[in-house]
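1. how does the following fold in three dimensions:
(one chain, ligands or ions: 1)
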Amino acid sequence: MSALANHAFVKMNGIGNEIVVVDLRAHPGVITAEDARAVASPNGAPYDQLMALYPPRAAGTESFVRIYNNDGSEAGACGNGMRCVASIVFEETGKDALTFETKAGLINCWRGSEPGTYTVDMGKPRFGWQDIPLAEEFRDTRGIELQVGPIDAPILHTPSVVNMGNPHAVFWVDDPYAYDLEKFGPMLEHHPIFPDRANITLATIKSRDHIVMRTWERGAGLTKACGSAACATAVAAARLGRADRKVRLSLPGGDLVIEWRERDDHVLMTGSVAFEFDGIFDPALFNAAATA
Ligand SMILES: N[C@H](CCC[C@H](N)C(=O)O)C(=O)O
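-> Numbering: from 1, shown residues only. Here you go, the predicted model:
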């Protein structure tokens, strides 16, 4: 039987990024890709990312958090999901600051200055072509040679690439809503230049402190918000000298404020989270998935 069967979960969202949180700290168990897909099915609690809390492995951390996409793949980082998890653990502990461990490293969280908002420190961005990772060498990852459409009239081209605990490509366009991202997203996510696939963002820089964007997420598809993509976009715009180190990003589900801190190179993301409902995973859901 699945480690999730009969287990309580909380359904939340981080500015529209659909998140399911399950607390496995008392009953750790392995979540398989099939389990993650079964939860995402219409009979489950459809989500973009599932955040599973495991017992802490490192001193001073609250939990080791594993992050699953709705296709069953595992992600290193999920900024909006971490803010949802943090809101639950803040409530539970009454602490002012929390540290979690993820596959991408240690993640610190704080309460934001406005009620109901939370800040997550997403760590340092990485720009080396092997770090993204890319399949071949590119010296300057502020814009790589990659395009969609006719060679002399590309529809999308020269993305900035950034690793924010996961791989991101950001295409600069006039209007992110003018493109069929559901068509280009999967093509680019699976492009051979990205051996680990990539999250694909379309973004436009409105001013030095405001960016509008939307994202096709690796392993999850079109989402209303992707926090790590917002971080990648803010950092990429600053690297190009086209935006300040602190910007507001408008995503389909709402706004995030991202600051790329000068003193230590860390990227801080602040925004709200919302509780939707809670429930218990039905064992039949997992049996059905196992026999399908
Ligand atoms: N929604 C998440 C990112 C999920 C990343 C995932 N799609 C991957 O890289 O596999 C966020 O708020 O940061």
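
2. get me the contact residues on the stretch 51-200 of the chain for the ligand.
-> 69, 75, 77-81, 166, 199 (Cβ under 6 Å from any ligand atom). Heads up, the C-betas are built off the backbone N, CA and C, glycines and all.

3. dump those into CSV; add pLDDT as well.
-> As requested, those are exported to CSV (pLDDT from 0 to 100):
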residue, pLDDT
Asn69, 97
Ala75, 95
Ala77, 90
Cys78, 95
Gly79, 96
Asn80, 97
Gly81, 98
Asn166, 96
Asn199, 98
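
4. which ones among the residues you listed are found in strands?
-> Per DSSP state E, strands hold the following members of those: 69, 75, 199.

5. going through those, which ones are buried?
-> Burial by neighbour count, 16 or more other Cβ atoms under 10 Å: within those this picks out 69, 75, 199.

6. number of residues surrounding the residue nearest to Gly60 when sequence neighbours are not counted?
-> Distances taken as Cβ to Cβ, 6 or more residues apart in numbering place Thr99 nearest to Gly60, at 5.8 Å, with adjacent residues excluded. By other Cβ atoms under 10 Å, 17 other residues sit near Thr99.

7. only C-alpha atoms, please: export the helix or strand harbouring Thr99 in PDB.
-> According to DSSP states H and E, Thr99 maps onto strand 97-102. Extracted in PDB, the C-alpha atoms of strand 97-102 (Å, rounded to 0.1, in the frame of the first residue of the first chain):
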ATOM      1  CA  ALA A  97      12.600  31.700  11.300                       C
ATOM      2  CA  LEU A  98      12.700  28.100  10.000                       C
ATOM      3  CA  THR A  99      15.300  26.000   8.100                       C
ATOM      4  CA  PHE A 100      14.300  23.100   5.900                       C
ATOM      5  CA  GLU A 101      16.500  20.700   3.900                       C
ATOM      6  CA  THR A 102      15.700  19.900   0.300                       C
END
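
8. what residues does that strand touch?
-> Residues outside strand 97-102 that contact it (Cβ atoms under 8 Å, 6 or more residues apart in numbering) are 56-58, 60-67, 76-77, 82, 85-86, 89-90, 106-110, 165.

9. mind checking the backbone torsions on the closest residue to Lys124 other than its chain neighbours?
-> Ranked by Cβ to Cβ, 6+ apart and with sequence neighbours excluded, the top spatial neighbour of Lys124 is Asp265, at 4.6 Å. According to degrees, to the nearest 10, the main-chain angles of Asp265 amount to phi 70, psi 0.

10. doesn't Met122 make contact with Asp265?
-> No - using Cβ atoms under 8 Å, Asp265 is not in contact with Met122; the gap is 11.1 Å.

11. give me the more crowded residue out of the two.
-> The residue with more neighbours, out of Asp265 and Met122, is Met122; 28 against 11, by other Cβ under 10 Å.

12. quick check: the more buried one touching Thr270?
-> No - taking contacts as Cβ under 8 Å, Met122 lies outside contact range of Thr270: 11.1 Å.

13. rewinding a little: for the ligand, see how far away the residue nearest to Lys124 is.
-> Distance of Asp265 to the ligand, given as Cβ to the nearest ligand atom, to the nearest Å: 18 Å.

14. next: Val235.
-> Val235 is 13 Å from the ligand, by Cβ to the nearest ligand atom.

15. for the chain, which helix is longest?
-> helix 79-93 (DSSP state H).

16. neighbours of Glu136, how many?
-> Applying other Cβ under 10 Å, I find that Glu136 has 10 neighbouring residues.

17. please apply the same query to Asp131.
-> 14.

18. what's the answer for the one 3 residues further on, then?
-> Here the neighbour count serves as a burial measure; for Leu134 (other Cβ under 10 Å) it reads 22.

19. before we move on, what about Ser2?
-> Neighbours around Ser2, by other Cβ under 10 Å: 22.

20. which parts of the stretch 101-250 of the chain are strands?
-> Assigned by DSSP state E, counting those that start in this stretch, the stretch 101-250 of the chain shows strands spanning 105-111, 117-121, 147-148, 156-157, 160-163, 167-172, 199-207, 210-217, 221-223, 246-251.

21. which residue lies farthest from the center of the chain?
-> Relative to the centre of the chain, the most outlying C-alpha is that of Asp152, 33.4 Å out, by Cα atoms, centre = their mean.

22. what's the separation between Asp48 and Asp152?
-> 37 Å (Cβ to Cβ, to the nearest Å).

23. typo on my end, Ile258
-> Separation of Ile258 from Asp152 (Cβ to Cβ): 35 Å.

24. same check, this time on Asp264
-> Separation of Asp264 from Asp152 (Cβ to Cβ): 44 Å.
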